[in-house]
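Undergrad: I'd like to go over a predicted model; first the sequence, then the structure.
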Amino acid sequence: MEIETDYLVIGTGIAGLSFALQAARSGTVAIVTKKEMMETSTNYAQGGIASVFDLDDNFELHIKDTLESGCGLCNEAVVRMVVRDGPARIRELISMGVNFSHKPESKEDLDLGMEGGHSRRRIVHTKDMTGREVEKALLQRAEENKNITIYEDHMAIDLITKSKMIKRGIVTSESTETCWGAYVLDVREERVITFLARITVLCTGGVGKIYLYTSNPDIASGDGIAMGYRAGVKVANMEFVQFHPTCLYHPKAKNFLISEAVRGEGGILLDKNGNRFMEKYHPLKDLALRDIVARSIDLELKKSGDECVYLDISHKPTDFIKERFPHIYETCLGYQIDITKEPIPVVPAAHYICGGLLSDENGMTNISNLYAIGEVACTGLHGANRLASNSLLEALVFARHAAERSSQDLASNKSLPLPKAPVWDPGSATDIEELVVVSHNWDEIRRLMWNYVGIVRTNKRLKRARARIENIQAEIKEYYWDFIVSSDLLELRNLALIAELIIMCASLRKESRGLHYNLDYPSQDDEHWRQDTVIWI
Ligand SMILES: Cc1cc2nc3c(=O)[nH]c(=O)nc-3n(C[C@H](O)[C@H](O)[C@H](O)COP(=O)(O)OP(=O)(O)OC[C@H]3O[C@@H](n4cnc5c(N)ncnc54)[C@H](O)[C@@H]3O)c2cc1C
């Protein structure tokens, strides 16, 4: 089966939907998403979106905070563009029906939250459910739009590129590599559909599922980065994985984050004896940047042998806690933890990838007609460490720039017929009989990455991880060609590649900077390493 469209958008998070709503003004948009449309990291974002609204704040301060957080690797021009565009993008969300929280007794003034690394209050939020509110509003607008069709349970497998067509003798030109859409697995019907598109936009989010402990939903398996890399897109800075310091520690809680905003509003970290420990590690104490807090907790846990530390907000008035953090309050209460009366058990968990597909200020990659927006991209905004609440903002700003730029591309190639793509060839693949190999390899990758390529790294651990991943890759390759593709097998293949890319970048960087901490090179080396780590096929 073949579907033709002007724009193919892969992903229904803030990046994909924001792009689609703009792009639908100039052409038809097909959005594919591998599960239900709400199942995105965006939907779970709690804290909010960083932007300058307070009279006491200004663009230069937000720029300075972002650059400091990025430890010398941000692209300053991109930081300036994103920060300056912020207020307009927030107003646009409001006009699309997003209900942000306002100051008490004010219908005009946004309530601005405080988070680690920010020198001013600038987090625009909807209590502690910002992502859900944004996702809901954007989806509603997209579903109403006649130019947009959303395909749920459709998982993109690989991009359709000119080189693939040359290999099959369909086109002969050797000029610039170009993308013409993607092969997509219709998970319910178990068939592969060819989506032919003039513009393809990867908005597939992050890679958290590569680690044993993560705040990310299950969709975050790095598919877009893996697809892009296989097609020849340059990948950068994969060593910079952000670990969120405070995920709920409870045997039954899966991936539940305790927002940065809890520390921003006065939450204090304690060991199991009730002692504060952050003052030992940083002058900003509990408000230090995420990487410092995550590393401090990791060290405390390694020293004490304890399984978790505690985050205490119970000294704040009960009404304030319930009003400001209703979702965290209710969820913790569901696990018999009353956060108005007792501290919350927490551990660090993989949260965000600063690296990804290298893209320019318009979200363009090095392949023609292929864009990457949101967490899948490496734009230069975050450098070596993302400032809290800058990622939703990044997705909004780049979606707008990419839509403007790609509508120009579309105008110039709309009259040309789309090339004929080779149909998906399953070869002699048969059904998988033993899924145990898939689940075993999956589990092994996640443990390996947690233990050897986690918060603190060493050369020896990275070397061991590389050797193991190469073996797993070989097994997956055999499986991939012998068996009919399923979503589990596709995710496993992508996870193994993402693991390899993170290990490759981490091994290349011979220093510690931002989120990358290697005990064999504990200092920052500006003379040799103030540069991105870029790899490609
Ligand atoms: C718990 C949590 C809290 C957070 N809090 C904040 C916050 O307060 N502020 C902030 O700025 N950031 C926050 N972040 C980070 C932020 O939410 C994400 O970076 C952002 O939402 C990413 O948006 P996105 O559109 O790039 O991807 P996502 O929102 O993750 O969407 C990815 C989409 O791609 C689809 N997809 C993936 N692979 C495929 C495939 N192969 N085929 C088809 N579809 C595919 C998924 O199904 C999904 O629809 C948080 C993240 C988490 C997990």
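TA: Okay, I see it.

Undergrad: worst-scoring helix or strand of the chain, pLDDT-wise?
TA: Of all regular secondary-structure elements in the chain, judged by mean pLDDT, DSSP states H and E, the least confident is helix 162-167 with a mean of 81.

Undergrad: now it, how far from the chain's geometric center?
TA: How far helix 162-167 lies from its chain's middle: 30 Å, per C-alpha atoms, centre = their mean, to the nearest Å.

Undergrad: which strands or helices does it pack on?
TA: Under the contact criterion of 3 or more C-beta pairs under 8 Å, 6 or more residues apart in numbering; DSSP states H and E, the helices and strands touching helix 162-167 comprise strand 179-186. For the C-beta atoms, the positions are set from N, CA and C on the backbone; glycine is no exception.

Undergrad: how long is stretch 52-62 from one end to the other?
TA: The separation between the terminal residues of stretch 52-62, taken as C-alpha to C-alpha, to the nearest Å, is 7 Å.

Undergrad: for stretch 237-256, same thing?
TA: 26 Å.

Undergrad: tell me the mean pLDDT for that stretch?
TA: Averaged across stretch 237-256, the pLDDT comes to 93.

Undergrad: for it, which positions count as buried?
TA: By neighbour count, with 16 or more other C-beta atoms under 10 Å as the criterion, the buried positions of stretch 237-256 are 237-250, 253, 255-256.

Undergrad: list the contacts for the closest residue to residue 413 other than its chain neighbours?
TA: Leaving out its chain neighbours, the residue that sits closest to residue 413 by C-beta to C-beta, 6 or more residues apart in numbering is residue 198, at 5.7 Å. Residue 198 is in contact with 5-7, 27, 180, 369, 409-410, 413-414, 418, counting by C-beta atoms under 8 Å, 6 or more residues apart in numbering.

Undergrad: again, only using 6 Å
TA: With C-beta atoms under 6 Å, 6 or more residues apart in numbering as the criterion, the residues that contact residue 198 are 6, 410, 413.

Undergrad: any low-confidence regions in the chain?
TA: Along the chain, the model assigns pLDDT under 70 to residues 170, 172-174.

Undergrad: contacts for the least confident helix or strand of the chain next, please.
TA: When contacts are taken as C-beta under 6 Å, 6+ apart, the neighbours of helix 162-167 outside the stretch itself are 171, 177-178.

Undergrad: what comes up buried for it?
TA: For helix 162-167, a neighbour-count test (16+ other C-beta under 10 Å) marks 162, 164-165 as buried.

Undergrad: next, format the contacts of helix 162-167 as JSON lines and append neighbour count and distance to residue 290.
TA: As requested, these are arranged in JSON lines below (neighbours: other C-beta atoms under 10 Å; distance: C-beta to C-beta, whole Å):
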{"residue": "171", "neighbour count": "17", "distance to residue 290": "47"}
{"residue": "177", "neighbour count": "18", "distance to residue 290": "37"}
{"residue": "178", "neighbour count": "19", "distance to residue 290": "39"}
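
Undergrad: all strands of the stretch 401-537 of the chain, in order?
TA: The residue ranges that make up the strands of the stretch 401-537 of the chain, judged by DSSP state E, counting those that start in this stretch, are 534-535.

Undergrad: going on from the top strand by length along the chain, what's the next piece of helix or strand?
TA: Of all the segments of type strand in the chain, defined by DSSP state E, the longest one is strand 191-202. Towards the C-terminus, the helix or strand next in line after strand 191-202, according to DSSP states H and E, is helix 223-231.

Undergrad: what is the burial count for the nearest residue to residue 39 once chain neighbours are set aside?
TA: Ranked by C-beta to C-beta, 6+ apart and with sequence neighbours excluded, the top spatial neighbour of residue 39 is residue 219, at 5.6 Å. Other residues within reach of residue 219, judged by other C-beta atoms under 10 Å, total 24.

Undergrad: measure residue 219 to residue 211 for me?
TA: Applying C-beta to C-beta, to the nearest Å, the value for residue 219 to residue 211 is 15 Å.

Undergrad: okay, the contacts of helix 162-167 in JSON lines with distance to residue 454 next?
TA: Converted to JSON lines, the contacts of helix 162-167 look like this (distance: C-beta to C-beta, whole Å):
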{"residue": "171", "distance to residue 454": "44"}
{"residue": "177", "distance to residue 454": "35"}
{"residue": "178", "distance to residue 454": "38"}
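
Undergrad: could you find the closest non-adjacent residue to residue 139?
TA: In space, residue 139 is closest to residue 37, 6.0 Å off (C-beta to C-beta, 6+ apart).

Undergrad: most proximal residue of the stretch 401-537 of the chain with respect to the ligand?
TA: The shortest separation between the stretch 401-537 of the chain and the ligand is 7.1 Å, found at residue 490 (distances taken as C-beta to the nearest ligand atom).

Undergrad: quick one, what contacts that residue?
TA: Going by C-beta under 6 Å, 6+ apart, residue 490 touches residue 157.

Undergrad: quick one: contacts for the nearest residue to residue 494 once chain neighbours are set aside?
TA: If the residues on either side of it in the chain are set aside, residue 494 comes closest to residue 226, at 3.9 Å by C-beta to C-beta, 6+ apart. Residue 226 makes contact with 494, 497-498, according to C-beta under 6 Å, 6+ apart.

Undergrad: now with 8 Å, please.
TA: 493-494, 497-498.

Undergrad: sorry, back to before: next one: the residue nearest to residue 39 from the ligand, what distance?
TA: Going from residue 219 to the ligand by C-beta to the nearest ligand atom, to the nearest Å gives 4 Å.

Undergrad: please apply the same query to residue 192.
TA: In this structure, residue 192 and the ligand are 12 Å apart, going by C-beta to the nearest ligand atom.

Undergrad: kindly state the beta-bridge partners for that residue.
TA: residue 185 (DSSP bridges).

Undergrad: likewise the one 4 residues further on?
TA: Taking DSSP bridges, one obtains residue 4, residue 181 as the residues bridged to residue 196.

Undergrad: buried residues in the longest strand of the chain?
TA: Burial within strand 191-202, assessed by neighbour count using 16+ other C-beta under 10 Å, is assigned to 192-202.

Undergrad: could you do stretch 58-70 as well?
TA: Of all the residues in stretch 58-70, those buried under the rule 16+ other C-beta under 10 Å are 61-63, 65-70.

Undergrad: cool, stretch 421-441 as well?
TA: Residues of stretch 421-441 classed as buried: 421, 424, 432, 437-438, 441 (neighbour count, 16+ other C-beta under 10 Å).

Undergrad: kindly reformat the residues you listed as a markdown table containing distance to residue 471.
TA: Putting the buried residues of stretch 421-441 into a markdown table (distance: C-beta to C-beta, whole Å) gives the following:
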| residue | distance to residue 471 |
| --- | --- |
| 421 | 34 |
| 424 | 28 |
| 432 | 20 |
| 437 | 13 |
| 438 | 15 |
| 441 | 10 |
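
Undergrad: now do the SS call for residue 345.
TA: Per DSSP: H, G, I helix; E, B strand; the rest coil, the secondary structure class of residue 345 is strand.

Undergrad: distance of it relative to residue 325?
TA: Separation of residue 345 from residue 325 (C-beta to C-beta) stands at 16 Å.

Undergrad: when those two are compared, which one has more neighbours?
TA: residue 325 (26 against 22).
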